[in-house]
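1. sequence and predicted structure, then a few things I'm wondering about:
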Amino acid sequence: MWKWEADGQAKAVVAILHGAYENHRWYAWLIEKLRLEGFHIVMGDLPNHGVNVGFSRVHDEDFKEYNKYTRHLMENAFSYNLPVFLIGHGLGATLLLHTMQKRKYECAGIIITSPWLQLKLLPGKLSNALTSLSALTANVKLTHEITLESLTRSVEGRDEMKDEVPFSSVVSVKWYRELQQMMRTLVLLPKAEFPNMPMLVMTAEKDKITETKQTRNWLHQMEFTEFQFKEWANCYHNLFHEVERDEIFVYIRDFINNALRRIGYIIE
């Protein structure tokens, strides 16, 4: 777990949870933008991602490890005794929603981008058949045909995704089965079981990975008293690497500052 602290007195803490096949280095731009706006940032790598990568097990780990990591991330953020905002992208957004449904942390606000609630692009041509078979198929490997070109239109954004950790979207049937179960649980979740707190949900119009309609349906069935929804025209899945990311960041910054004003913080 890493922490990047604002210069001087911070207004709040932002905990970031990256998506599948990613690592924290992909978020260097976002981290610095938030830090310069007066926020402390807490972030790490999901189990077997980034510096923790274990090529024999990557995307084969038990989702209980992901849930434990997510709770650890949140606990680190709350240790500052400042308002806490959560940002989750892709699978990271799904993990945040799952954890909040189970633990109901008192956050100042939640921001999710391109959440995995229903996949448009499925891993492997035989994935649906394989996931319905016996445990004998659990270790079968599937390729999730995601490329950097399918994540963003921005050449600069794709360059930022290239580092010493090879990009790999190979998953096991067991991993995919657990992902399906988590997505299904969230989609069918009774609205009373999810905490009512400020929520910003952003999707990409030309997302090739997820079904954005399912995200809109989930958001409206929750009946939050305070939420914002924005679908970014022409954008692909990874909004923080897209051509419009400066405008996207302003949207996030304003959401956070407005939430802080409502709980009595003076924003300069």
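-> Thanks, I have the structure now.

2. with adjacent residues omitted, what lies nearest to residue 186?
-> Once flanking residues are discounted, residue 186 sits nearest to residue 97: 5.6 Å by C-beta to C-beta, 6 or more residues apart in numbering. From N, CA and C alone the C-beta is placed, and that goes for glycine too.

3. what helix or strand is the one you found located in?
-> Assessed by DSSP states H and E, residue 97 sits inside helix 91-103.

4. so what secondary structure elements neighbour that helix?
-> strand 12-17, helix 63-78, strand 84-89, strand 109-113, helix 173-187 (3 or more C-beta pairs under 8 Å, 6 or more residues apart in numbering; DSSP states H and E).

5. out of the ones you listed, flag the one nearest residue 37.
-> Residue 37 sits nearest to strand 12-17 of all these, at 9.4 Å, using C-beta to C-beta.

6. which other helices and strands contact the closest one?
-> Using 3+ C-beta pairs under 8 Å, 6+ apart: strand 12-17 touches helix 28-36, strand 39-43, helix 63-78, strand 84-89, helix 91-103, helix 245-262.

7. redo that, cut-off 7 Å
-> When contacts are defined as 3 or more C-beta pairs under 7 Å, 6 or more residues apart in numbering; DSSP states H and E, strand 12-17 sits against strand 39-43, helix 63-78, strand 84-89, helix 91-103.

8. residue 251: which of the ones you listed is closest?
-> strand 84-89 (12.1 Å).

9. pLDDT of that closest one, averaged?
-> The average pLDDT for strand 84-89 rounds to 98.

10. equivalent analysis for stretch 116-127, please.
-> Mean pLDDT, computed over stretch 116-127, is 84.

11. would you agree residue 242 is in contact with residue 152?
-> Yes. Using C-beta atoms under 7 Å, residue 242 is in contact with residue 152, at 5.3 Å.

12. joint contacts of those two?
-> Common contact partners of residue 242 and residue 152 (C-beta atoms under 7 Å, 6 or more residues apart in numbering): residue 236.

13. circling back to that earlier point, run through who's touching the helix holding residue 97.
-> 17-20, 66-67, 70-71, 86, 88, 110, 112-113, 115-117, 182-183, 186, 189, 193-195.

14. in ChimeraX, how would I select just the buried ones from those?
-> Buried residues among those (16 or more other C-beta atoms under 10 Å), as a ChimeraX selection:
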select :17,18,19,20,66,67,70,86,88,110,112,113,115,116,117,182,183,186,189,194
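
15. looks to me like residue 145 is in a helix.
-> No. Going by DSSP: H, G, I helix; E, B strand; the rest coil, the assignment for residue 145 is coil, not a helix.

16. nearest to residue 148, out of the helices and strands packed on strand 12-17?
-> strand 84-89 (15.1 Å).

17. quick one: low-confidence parts of the stretch 101-250 of the chain?
-> Counting by pLDDT under 70, the ranges of the stretch 101-250 of the chain that qualify are 125-137.

18. the helices in it, which residues?
-> Taking DSSP state H, counting those that start in this stretch as the test, the helices found in the stretch 101-250 of the chain are 127-131, 148-151, 155-161, 173-187, 212-222, 245-262.

19. may I see the buried residues of the fourth one?
-> Within helix 173-187, the residues that qualify as buried by neighbour count (16+ other C-beta under 10 Å) are 173, 174, 175, 176, 177, 178, 179, 180, 182, 183, 186.
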